[in-house]
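Participant: structure for this input, please:
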Amino acid sequence: MPYINQKRREEIYSGSRPETAGELNFVITLAICDYLDHPAYGELNEVIGVLESVKLEFCRRVVFPYEDTKLAQNGDVYK
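Facilitator: Below is the predicted model of the structure:
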C-alpha cells in the first residue's frame, strides 16, 4: 500500500528514489493522482488501462527474459 511514513514521503518529494515496494506504490499513486482531475469512469478506466499496459510491457521486457535465463540455468519444471 502507498502508506509510507512522513520522513520517507518528504525524501521522495525531494527526489529520493523509492527503496521498497510500498514506496514504489506511493510514487505510482502520486503520478496517478496528479493525472486525475475530476475522476470519472473514463479517466479511471484509462488509468487502469495504462497500469495494465505498463505491467504487460514490464513482463515482456524484464520478467520473461529473466525467467528464461533462470530456466536455462536451472532446468524446466514443466514436463
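
Participant: could I get the buried residue list for the lengthiest helix in the chain?
Facilitator: Using DSSP state H to assign secondary structure, the helix with the most residues in the chain is helix 41-58. Going by neighbour count (16 or more other Cβ atoms under 10 Å), the buried part of helix 41-58 is Val47. Using the backbone N, CA and C atoms, a C-beta is placed for each residue, glycine as well.

Participant: distance between it and the chain's centre?
Facilitator: Relative to its chain's centre, helix 41-58 lies at 11 Å (Cα atoms, centre = their mean, to the nearest Å).

Participant: just the C-alphas of stretch 48-65, formatted as CSV.
Facilitator: Output in CSV follows, covering the C-alpha atoms of stretch 48-65 (Å, rounded to 0.1, in the frame of the first residue of the first chain):
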residue,chain,number,x,y,z
ILE,A,48,-6.4,1.0,-15.3
GLY,A,49,-5.6,0.5,-18.9
VAL,A,50,-2.2,2.3,-18.6
LEU,A,51,-1.3,0.3,-15.5
GLU,A,52,-2.2,-2.9,-17.3
SER,A,53,-0.1,-1.9,-20.3
VAL,A,54,2.9,-1.0,-18.1
LYS,A,55,2.5,-4.4,-16.3
LEU,A,56,2.5,-6.3,-19.6
GLU,A,57,5.4,-4.4,-21.1
PHE,A,58,7.4,-4.9,-17.9
CYS,A,59,6.7,-8.6,-18.1
ARG,A,60,7.6,-8.8,-21.7
ARG,A,61,10.9,-6.8,-21.4
VAL,A,62,12.1,-7.7,-17.9
VAL,A,63,10.3,-10.6,-16.3
PHE,A,64,10.1,-13.1,-19.2
PRO,A,65,13.8,-12.7,-20.2
